[in-house]
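**Q** Provided below are the primary sequence and the corresponding predicted coordinates.
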Amino acid sequence: MSRPPSFRPFSHEHDGELLSGVYGDADDGDPRRPTAVVLHGAGTSSKERLLPLLAEFAAHGCRVLAFDFSGHGDSTGALRESSLRRRFEQAVAVVDARAPAGGPLVLTGFSMGGQTVADLVAHYGPRVVALGLCAPAVYTAEAWEVPFGNGDGRFSALIRRPGSWRTAPALDVLRAYEGRAVLAVPGTDAVIPPAVTRAVQDALTTRARCTRLDLPDADHRLGLWLRDHPESRREFVTAVLAGPRPAAPAPRPR
């Protein structure tokens, strides 16, 4: 493993917002080395809790990149004005500005960040060589353009509609994906329904080389869990980059 770099802060202006991020280059500057992009979830999430995970990817020889979506952390903007579409566009803007053009990408997303990872897979295609999905969410296409609001508006109504996720375009993207993938699943998840996790795993086992990583003592906040548990963090990164045993299709409830 190479020496982890010192992370450097950056600001990126996009669509009237100033996005705050950190990045680190690989020691040898080889543009063929993958860039590991780590995306936080919704609510109070930010890049800060992901810094140890970035360091682990860096220790495995990756360039690393993370940023706060608008309305989060040190970025400007109001969370209620954001949307899944805006998160995707912000991620593309940052990746295009900070990752070597045409270089390989390793994408990791937490919760809502899982939806953005799928959107990026559809956008970047074969540049994406590995995925890490941590308690991921996927959403109906109807919700993609809708501002998040304050938790009681149209976006919330759409994503809370029973079964709305079943036709999520993200599932089709994951079914077509053929690279490495790790699905990290907490023992207790009060946010993502088990049926969503099963659907994501079924999609990933269609063509991808998929590993399921169960973290029985963790809850939905896997960013915090990986921050505080170095062995789990190392296991996750090793699996994402090495792609060990394939996962079996998700078990069906009896």
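**A** Everything's here; your move.

**Q** would you map the helices across the stretch 1-150 of the chain?
**A** 51-59, 84-98, 112-124 (DSSP state H, counting those that start in this stretch).

**Q** relative to helix 112-124, how tilted is the longest one?
**A** Between helix 84-98 and helix 112-124, the angle formed by their directions is 60 degrees, by axes from the mean of the first three to the mean of the last three CA atoms, to 10 degrees.

**Q** mind starting the numbering at 739 from now?
**A** Done: numbering now begins at 739, and the last item shifts to helix 822-836.

**Q** so how far is Ala780 from the residue most central in space within the chain?
**A** The residue lying closest to the centre of the chain (CA atoms, centre = their mean) is Gly847, at 1.1 Å. Computed as CB to CB, to the nearest Å, the Gly847 to Ala780 distance reads 11 Å. Using the backbone N, CA and C atoms, a C-beta is placed for each residue, glycine as well.

**Q** not counting its neighbours along the chain, what's nearest the residue nearest to the centre of the chain?
**A** Nearest residue to Gly847, sequence neighbours excluded (CB to CB, 6 or more residues apart in numbering): Val855, at 3.7 Å.

**Q** got the angle for the helix or strand hosting Thr943 vs helix 850-862?
**A** Assessed by DSSP states H and E, Thr943 sits inside helix 932-945. Interaxial angle, helix 932-945 versus helix 850-862 (the same axes, to 10 degrees): 30 degrees.

**Q** spell out the residue ranges of the strands in the stretch 789-938 of the chain.
**A** 801-805, 843-848, 866-872, 918-924 (DSSP state E, counting those that start in this stretch).

**Q** okay if I get these as a markdown table plus distance to Pro968 and mean pLDDT?
**A** Listed next are these as a markdown table, based on distance: least, CB to CB, whole Å; pLDDT from 0 to 100:
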| stretch | distance to Pro968 | mean pLDDT |
| --- | --- | --- |
| strand 801-805 | 17 | 96 |
| strand 843-848 | 17 | 98 |
| strand 866-872 | 16 | 98 |
| strand 918-924 | 15 | 98 |
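
**Q** out of the ones you listed, flag the one nearest Arg746.
**A** Closest of these to Arg746 is strand 801-805, at 10.4 Å (criterion: CB to CB).

**Q** what's the closest one packed up against?
**A** strand 755-762, strand 773-777, helix 789-797, helix 822-836 (3 or more CB pairs under 8 Å, 6 or more residues apart in numbering; DSSP states H and E).

**Q** and the gap between the residue nearest to Ala937 when sequence neighbours are not counted and Thr949?
**A** Leaving aside its sequence neighbours, Ala937 sits nearest to Leu909 (CB to CB, 6+ apart; 5.9 Å). Distance, Leu909 to Thr949, using CB to CB: 19 Å.
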